[in-house]
Structures are given as structure tokens and as C-alpha cells.
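>>> Next one to model:
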Amino acid sequence: MKALILAAGYGTRLYPLTQSMSKALLDVNGRPIVEYILDKIYDISEIEEIYIVSNEKFYKKFKQWNENYKPQIPITLINNGTTDDSNKLGAIRDIKFVIESKEISDDLLIVAGDNLFDFELESFSDFFKEKNSFCIGLFKISDLSLVHKYSNVKLDEGKRIVDFVEKPSKALSDLVAICLYLFPKGRGLNLIADYLRQKNNPDAPGYFFQWLVKKEKVYGYEFGGKWLDIGDIDSYNKAKKEFHS
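Just a heads-up that it's a prediction; the model follows:
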């Protein structure tokens, strides 16, 4: 199994903090966000290599960070070649770019570089092995008025996702999708290519999974604990209050 951290966005909603620094490298109580994520990836014993995809603007920052970081698993930094928000690839094209350029043929864990969470991932990996298909991390939110900000899902009794809507106007359930995915080996790349050939949204991964659940068995695994999607100043300030190394 391989792991991929998506960190090629430009974080425009966090300006001025992200005008010269990737979101994934922002400091949270003495450590960059990416290191919190890596600590959780290390929980999965099957992972042999970790890829971090960045862009031309922040690639040197990642290289500087990596020179002083001692990983438990080999890390490969990847520059997708984009320079600003106007020419970004988008998360789905970034996933395709990494799978193709690194010729990945293993199961693949994908995590957003702006996710902070305190739960373990080993049980998610076990769930994936049991289901032997695409799996998505889910989180229960208490305020249903907020579902319009997220990907909202509905599960059947076997934890298969039977409905998935990106930023719905009306709640399907109290479960939202985290940008935390497991792709089974071999199948992900062809499906991503099909999705992109149909001129679908290349950015928010939720749109890909909204499309995918109609074609493949996709399962949802509910996590407990704390989770934050750091998309703006308020969520970043909350992260500094709630997460400590």
C-alpha cells in the first residue's frame, strides 16, 4: 500500500497566511499540519511509501521542511508544475498525475493536506480489506445546517454508500465525507480517467465520489474523535486550540 497527501492547492481563503506557505505547512503549536497527518499514516503497517504532491510555488518550502524531518516511511515529494490558483490541476487531476507519474499499482490511501484529526487509521485499513472496494472516511456532525459545506452521504446496513451529494441543499443524513480515501489497486486510475474524459469537475474530490457511487461499490467508515477541515482563518485558529503535538 502507498499513501498520497494532497497539498497542491493554494489556500486562497487563508490569505495572507498562505500567500507564501502551503496550508499543509502552516504551524499548529510547534509542528506543521503535514506532520500530524504523517503521524496517523504511520499507524497503517502496510504502507511502504508516502507521496506528497505540491506545486511549483510551494515545492521548495516542502523540500526545506523535508530536509529536517525524519520520516518513519520513505517520503517522495512531487511538483505538479502549477504556479497559482488560476492554473491549478485540481485534486482529482493531482491524484491522476501522481498515479501515472509514479506508476502506482498498489492500494492507495489518499488524505487531504489540510485535514487534522486525532483518530487512528488502522481500523480504516482493516475495513477496506474486508470490503475490498473503494472506502471513504466519514464523520458525524451535530449541526445539520452545516452539511451544505461538505459531502453528505447515506449508508445502507452493510455500510455501502447509497447516496452521495456534494454540498447538498438538504441533508441526507448527519454523516459527511472526510477527504480520506482508500482506493483498491488497479481500478482507481481508469475510473478517474473516465471521470475526467467526461469533463466533470476536476477539483473537489466529492464530485468524483458522487459520480463513482453510481458505478462502483463504495463504502463509508465512520470515525469518532476530533476532525477539522482547515479551510479558513476560523478553522485554523480552532486547530491551534484543539490540537497539540
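
>>> So, low pLDDT: which residues of the protein?
Within the chain, no range satisfies pLDDT under 70.

>>> most distant residue from the middle of it?
Residue distances from the centre of the chain (C-alpha atoms, centre = their mean) peak at E157, which lies 25.4 Å from the mean C-alpha position.

>>> That residue and K88, how far apart?
Between E157 and K88 the distance is 39 Å, computed by C-beta to C-beta, to the nearest Å. In this view, the C-beta of every residue, glycine as well, is placed from N, C-alpha and C.

>>> swap in Y219?
The gap separating Y219 from K88 is 30 Å, by C-beta to C-beta.

>>> more neighbours, those two?
Counting neighbours by other C-beta atoms under 10 Å for Y219 and for K88 shows that Y219 has the greater number, 22 against 19.

>>> these two touch, right, that one and R160?
Yes - applying C-beta atoms under 8 Å, one finds Y219 in contact with R160, separated by 5.5 Å.

>>> Surely G137 forms part of a strand?
Yes - under DSSP: H, G, I helix; E, B strand; the rest coil, G137 sits within a strand.

>>> Please export the C-alpha coordinates of the longest strand seen in the chain as PDB.
Assignment by DSSP state E gives strand 175-183 as the longest strand of the chain. What follows is strand 175-183 as a C-alpha-only set of coordinates in PDB (Å, rounded to 0.1, in the frame of the first residue of the first chain):
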ATOM      1  CA  LEU A 175     -22.700  11.900   8.100                       C
ATOM      2  CA  VAL A 176     -20.200  13.900   6.000                       C
ATOM      3  CA  ALA A 177     -17.300  12.600   3.900                       C
ATOM      4  CA  ILE A 178     -13.800  13.500   5.000                       C
ATOM      5  CA  CYS A 179     -11.100  13.800   2.300                       C
ATOM      6  CA  LEU A 180      -9.700  10.400   3.500                       C
ATOM      7  CA  TYR A 181     -10.000   7.600   0.900                       C
ATOM      8  CA  LEU A 182      -8.700   4.100   0.100                       C
ATOM      9  CA  PHE A 183      -8.500   3.100  -3.500                       C
END
